[in-house]
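Chemist: Got a predicted structure here, sequence first:
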Amino acid sequence: MTSAKSVGDMGWSVALGAAQVLLAAAYGLFGLMKATQPLDQLSVMMAWIPDFPPAFVRGLGAIEVVGAIGLILPALTRIKPGLTVIAALCIVIHQLCAIGLHADHGCDESPSAQ
């Protein structure tokens, strides 16, 4: 018979795994967009794009893709799973910088709405 504590732990593990997959999917998709799509198409969706050099935008996309991989791969392969925690902390730092960028540039509207 399974104890209540182990059932609760399993529930948290499933929730954590689901959150990892969803966050990695979002970061991976947005990172791929920034790394591969033409910048004029991106600027329609993201008002801050024209304010930065193309290398910055492409680099940011690459960083997001690597962060997405870092959220999934170490835990999935069970090789150095502690790297997942480091990837998650780096994503938190990335988000804090994004908040600052959006606050500084007033990027709450798309370019077409300005």
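Modeler: It's in.

Chemist: mind listing the helices for the chain?
Modeler: If you assign secondary structure with DSSP state H, the helices in the chain sit at 4-36, 39-45, 54-77, 82-105.

Chemist: for the ones you listed, which one ends up most surrounded?
Modeler: Comparing those by mean neighbour count (mean count of other CB atoms under 10 Å), helix 54-77 ranks first with a mean of 17. Where you see a C-beta, it was placed from the backbone N, CA and C, and this is true even at glycine.

Chemist: Tabulate the helices of the chain (TSV), appending mean pLDDT.
Modeler: Converted to TSV, the helices of the chain look like this (pLDDT from 0 to 100):
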stretch	mean pLDDT
helix 4-36	87
helix 39-45	92
helix 54-77	92
helix 82-105	89
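
Chemist: who's in contact with the residue most central in space within the chain?
Modeler: The geometric centre of the chain, computed from its C-alpha atoms, lies nearest to residue 27 (CA atoms, centre = their mean), at 3.1 Å. For residue 27, the contact set (CB atoms under 8 Å, 6 or more residues apart in numbering) comprises 64-65, 67-68, 71, 91.

Chemist: what sits against the closest residue to residue 86 other than its chain neighbours?
Modeler: Counting by CB to CB, 6 or more residues apart in numbering, residue 86 lies nearest to residue 70, which is 7.3 Å off, once chain neighbours are set aside. By CB under 8 Å, 6+ apart, the contact list for residue 70 reads 83-84, 86-87, 90.

Chemist: ok, so of those residues, who is nearest residue 56?
Modeler: residue 90 (17.3 Å; CB to CB).

Chemist: how close does that closest one get to residue 41?
Modeler: To residue 41, residue 90 is 27 Å away according to CB to CB, to the nearest Å.

Chemist: same deal with residue 101?
Modeler: Counting by CB to CB - residue 101 and residue 41 are separated by 20 Å.

Chemist: which one among the contacts of residue 70 gets closest to residue 18?
Modeler: Checking the contacts of residue 70 against residue 18 with CB to CB, the nearest one is residue 84 at 14.2 Å.
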